[in-house]
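*Asks:* Give the three-dimensional model of this entry:
(one chain, ligands or ions: 1)
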Amino acid sequence: MSLNIELLESSFLQIKPQETEFMAHFYKTLFADYPEVKPLFANTHMGKQAKQLFKSLVMVVENLRNPDVLSNALQGLGTRHVKYGVLPEHYPMVGSTLLKTFSIYLGSTWTPNTEQAWIEAYTVVTELMLSGTDYSSKILTPHAQQV
Ligand code: HEM
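*Replies:* Purely as a prediction, here's the structure:
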């Protein structure tokens, strides 16, 4: 899969000046659509968290042409997310909320091509983050003990 880098870059440029509103809308929508993830953020400073998530989106878009940098950063991020209690099934929830928020803040420039570009980018981000984790061994352990 080759990402549509130009479209990802140009659409994200439009989001950048709207960072605060974009992030506030993102978390509001995430918690409204998926209340089950709210407890994961019980002890989180949401203002700080919003800035960190946005910074990592900037990092992703700035390194679309540097796959090694992207892989290292996202694998590490994925590993840390295990400690935050995040499970693989939570990733599509964040993905659909991100896309929904992009569609609102990009307005008329949210075209089927832009949507496709972000679906593919989020798929790659998820794969790289999950490649830094070992959820399968957690699931297999109880069965292994029964044998
Ligand atoms: C595109 C995927 C994601 C990105 C880029 C991302 C980015 C980040 C970043 C940059 C942090 C700050 C801490 C750190 O760097 O380790 C963070 C923390 C966190 N993220 Fe994510 N995240 C993603 C997916 C998810 C998902 C799917 C969930 C679950 C709903 C989630 C829940 C959390 C939680 C609970 C924290 C910890 C907050 C705390 O410190 O209390 N994230 N995320």
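*Asks:* mind listing the strands for this structure?
*Replies:* Assigned by DSSP state E, the strands in the chain number zero.
*Asks:* Show me the helices in it, by range?
*Replies:* Applying DSSP state H to the chain gives helices spanning 5-15, 19-33, 46-62, 67-83, 91-106, 112-131, 135-146.
*Asks:* The third one and the ligand, are they touching?
*Replies:* Right, helix 46-62. Yes. On the criterion C-beta under 6 Å from any ligand atom, helix 46-62 is in touch with the ligand at 49, 52-53, 56. From N, CA and C alone the C-beta is placed, and that goes for glycine too.
*Asks:* Now these in a markdown table, please, with extra columns for distance to Asp33 and pLDDT.
*Replies:* Below are the residues of helix 46-62 next to the ligand laid out as a markdown table (distance: C-beta to C-beta, whole Å; pLDDT from 0 to 100):
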| residue | distance to Asp33 | pLDDT |
| --- | --- | --- |
| Gln49 | 18 | 98 |
| Gln52 | 21 | 98 |
| Leu53 | 16 | 98 |
| Ser56 | 21 | 98 |
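*Asks:* right, and the pair among these with maximum separation?
*Replies:* Farthest-apart pair in these is Gln49 and Ser56; separation 10.8 Å (C-beta to C-beta).
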